[in-house]
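Q: please find the sequence and the predicted model below.
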Amino acid sequence: MGSISGNSLARELINNNITLIGRRRLTVTGVDDVESFDDRFIVLHTQGSVLLIHGRELKIEKLAVDGGDLEVIGCVDAIEYEEERAKSGFLAKIFK
């Protein structure tokens with residue numbers, strides 16, 4: 001079996017870890033930014049992708065911006081990766 005260290009996708013995801021304990025406590029590392037959140041949906045920017053967290057009664061319990069660590073409590077229903085979204089706002093068009 002070949003090494004994944006040469007794979008660019010593996011390098012991109014190696015700095016992002018997700019730990020889910022009993023669907024009630026979620027820890028994510030490698031978080032660059034929290035785009036939005038409420039008690040049912042959290043959108044995070046991680047290194048190279050967007051992480052979507054769906055659930056109920058979600059609360060961000062800890063956010064260490066300097067280390068990129070995030071802890072969420074609540075009932076987690078789904079965790080989904082999405083490709084990094086292209087910036088399409090007014091300023092993004094100006095500085096293109």
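A: Nice, I can see it.

Q: which stretches of the chain form strands?
A: Residue ranges of the strands in the chain, as given by DSSP state E, are 18-21, 25-28, 31-37, 41-46, 49-64, 69-83.

Q: so where's the chain uncertain?
A: For the chain, the stretches with pLDDT under 70 are 1-14, 84-96.

Q: try 50
A: Within the chain, the segments meeting pLDDT under 50 span 1-7, 10-11, 91, 93.

Q: show me what contacts residue 36?
A: By C-beta atoms under 8 Å, 6 or more residues apart in numbering, the residues touching residue 36 are 42, 43. Quick note: C-beta positions are derived from backbone N, CA and C, even for glycine.

Q: partners of it in the sheet?
A: Per DSSP bridges, the residues bridged to residue 36 are residue 43.

Q: against residue 48, how distant is it?
A: Computed as C-beta to C-beta, to the nearest Å, the residue 36 to residue 48 distance reads 19 Å.

Q: residue 62 too?
A: 23 Å.

Q: so between these two, which is more surrounded?
A: Neighbours per residue (other C-beta atoms under 10 Å) separate residue 62 from residue 48, with residue 48 holding more: 17 against 10.
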